[in-house]
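**Student:** Sharing a sequence plus its predicted fold:
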Amino acid sequence: MLKTKPGFLLRRLGDESMVIAIGEASESFNGMIRLNSTGAFYWELLEQGVTEDQLVAKTLERFEGLDEATARQDVREFLNTIALALDNDGAAD
């Protein structure tokens, strides 16, 4: 199960989405993660807790005509990019 670490919060400012660290999380991460609309979509799913396979399935639902191999690659790239904010140390299952 993949889930975001406590202390990493998604915030929207106009059309921009970003993740900021607060509390203890800000001691190990000083900055922000800018997300596009797909990244924000993934983040919201990760806040609930999902598997990589569930993220791939949701990607295929959202983007008509996308093949599974491309969806899986995109999900893994995203997970690797935000690994420091994942509760499981960023391991993509």
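**Tutor:** Alright, I've got the coordinates.
**Student:** and for stretch 54-67, what are the contacting residues?
**Tutor:** 2, 38, 41-42, 45-46, 50, 68, 71-72, 74-75, 79 (C-beta atoms under 8 Å, 6 or more residues apart in numbering). For glycine as for every other residue, the C-beta is placed from the backbone atoms N, C-alpha and C.
**Student:** gap between residue 63 and residue 2?
**Tutor:** 20 Å (C-beta to C-beta, to the nearest Å).
**Student:** Also residue 83?
**Tutor:** Taking C-beta to C-beta, one finds residue 83 at 10 Å from residue 2.
**Student:** Between the two, which is the more surrounded one?
**Tutor:** residue 2 (22 against 13; other C-beta atoms under 10 Å).
**Student:** Could you look up the SS state of the nearest residue to residue 75 once chain neighbours are set aside?
**Tutor:** Nearest non-adjacent residue to residue 75, counting by C-beta to C-beta, 6 or more residues apart in numbering: residue 55, 4.7 Å away. Here residue 55 is recorded as helix under DSSP: H, G, I helix; E, B strand; the rest coil.
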